[in-house]
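Colleague: Give me coordinates for this.
(2 chains)
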Amino acid sequence: MNVQFKKGVLELCVLVLTAKRDRYGYELVASISEKFHIAEGTVYPLLRRLTQEGFFTTYLKESQEGPPRKYYQLTEQGRQYMNDLVLEWRIFDRGVNQIIGEGLGYDKA
Amino acid sequence: MTRREFMDELGTLLGELPDKERLDILADYTEHFLMGIQEGKSEHEIADALGSPKVVARELLAGYRITQAQSNASVGNMTRAIVATVSLGFFNLIFVLGPFMALIGVLIAFYGVSVSLLVAPLGMLAQYGVPNLSHERLFLLFGSLASVGLGGMLVIGLVRLTKWLYRQFLRYLQFNVQMIRGK
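Modeller: Reported below is the predicted structural model:
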């Protein structure tokens, strides 16, 4: 998949994954790479950037077993940004699917 | 690649970052390795899935540079941000940057011309000594006055032009940095 294309989608994915509850890095990486192939190491630079831009705050939390985990929490600004991106994605997705449908003649079936 | 190898290489590649930033980044990857190991994965498996430390470092450095350039606008910071981003594969930026480099070349050439206009009379002095009032020498005297005057005016104009170009260049770079961040 096109690298730039994937970057945008990756951003959308980490934002949406943190919408319902705070997540830690490993968890985010695992849920995404379960669905499609990524270079897992590039999720962390993305998380840093989104944090710097004020879309996430982070905190450390001890876990029963293993090291303390860095959790990512969506800020109000982040939630707004996520909503915008989701809307954009829906419009984009619908448009592309319509073009594919018309191009390949699925709609006439 | 083992965890140790991955971390060492990443740490080296991030050498130019401030210590606090670098250690924070390395902690993220250490956490990732430890969690993977806990799930029963091998260090090699985890490192493979993370991808090359070079790719990771490039992303991180570009992110750092862009933030620097945004919070502290200077030609140096902006240029570093753009160079870092170009290394990620935004090759089109380099083509847009080309004309600017050509412009800077032209500017340097004009400075060269004005400097030679300014120092030309020194050459005449060296060759003929202090001018006396013979026709030929008088001609040289006026010639050198004209040369110095022309050179001086050219320099004043060029300094203004340079200041203006500097502001335009900064605006252009700022625009690029914002485009990189997708805003």
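Colleague: In terms of secondary structure, what does the host helix or strand of residue B:105 contact?
Modeller: Under DSSP states H and E, the secondary-structure element containing residue B:105 is helix B:92-128. Other helices and strands packing on helix B:92-128, by 3 or more Cβ pairs under 8 Å, 6 or more residues apart in numbering or on different chains; DSSP states H and E, are helix B:75-86, helix B:135-180. Backbone N, C-alpha and C define where each C-beta goes, glycine included.
Colleague: where do the helices sit along chain A?
Modeller: For chain A, applying DSSP state H gives helices covering A:3-17, A:25-35, A:43-52, A:76-104.
Colleague: In a markdown table: those helices, plus mean neighbour count.
Modeller: Formatted as a markdown table, the helices of chain A follow (neighbours: other Cβ atoms under 10 Å in any protein chain shown):
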| stretch | mean neighbour count |
| --- | --- |
| helix A:3-17 | 16 |
| helix A:25-35 | 17 |
| helix A:43-52 | 20 |
| helix A:76-104 | 12 |
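Colleague: among those, where is the model least confident on average?
Modeller: Among the helices of chain A, helix A:3-17 carries the lowest mean pLDDT, at a mean of 86.
Colleague: count of residues packed around residue B:29?
Modeller: If you count neighbours by other Cβ atoms under 10 Å in any protein chain shown, residue B:29 ends up with 22.
Colleague: scratch that, residue B:180 is what I was asking about
Modeller: Residue B:180: 22 neighbours (other Cβ under 10 Å).
Colleague: Tell me how far it lies from residue B:65.
Modeller: To residue B:65, residue B:180 is 10 Å away according to Cβ to Cβ, to the nearest Å.
Colleague: Overlap in contacts, these two.
Modeller: Between them, residue B:180 and residue B:65 share these contacting residues under Cβ atoms under 8 Å, 6 or more residues apart in numbering or on different chains: B:81, B:85.
Colleague: Point out the most buried one among the helices and strands packed on helix B:92-128.
Modeller: helix B:75-86 (a mean of 19; mean count of other Cβ atoms under 10 Å in any protein chain shown).
Colleague: Could you check it against chain A for contacts?
Modeller: No. Helix B:75-86 lies out of reach of chain A by Cβ under 8 Å from any Cβ of the partner chain, never closer than 11.6 Å.
Colleague: quick one: average pLDDT of that helix?
Modeller: The model assigns helix B:75-86 a mean pLDDT of 82.
Colleague: and if you look at stretch B:174-183?
Modeller: 73.
Colleague: From the chain's centroid, how far away is it?
Modeller: How far stretch B:174-183 lies from its chain's middle: 16 Å, per Cα atoms, centre = their mean, to the nearest Å.
Colleague: next one: stretch B:78-86
Modeller: Worked out by Cα atoms, centre = their mean, stretch B:78-86 lies 8 Å from the chain centre.
Colleague: Stretch B:144-164 now?
Modeller: Offset of stretch B:144-164 from its chain centre (Cα atoms, centre = their mean): 27 Å.
Colleague: got the CA positions of that stretch in CSV?
Modeller: Extracted as CSV, the C-alpha positions of stretch B:144-164 are listed here (Å, rounded to 0.1, in the frame of the first residue of the first chain):
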residue,chain,number,x,y,z
SER,B,144,37.1,55.1,-10.4
LEU,B,145,34.6,57.5,-8.7
ALA,B,146,31.9,56.3,-11.0
SER,B,147,32.9,52.7,-10.3
VAL,B,148,32.7,53.2,-6.5
GLY,B,149,29.4,55.1,-6.8
LEU,B,150,27.9,52.4,-8.9
GLY,B,151,29.2,49.6,-6.7
GLY,B,152,27.9,51.4,-3.6
MET,B,153,24.4,51.8,-5.0
LEU,B,154,24.3,48.3,-6.2
VAL,B,155,25.2,47.0,-2.7
ILE,B,156,22.5,49.1,-1.1
GLY,B,157,19.9,47.8,-3.5
LEU,B,158,21.2,44.3,-3.0
VAL,B,159,20.9,44.4,0.7
ARG,B,160,17.3,45.5,0.4
LEU,B,161,16.6,42.8,-2.1
THR,B,162,18.3,40.2,0.1
LYS,B,163,16.2,41.2,3.1
TRP,B,164,13.0,41.0,1.1
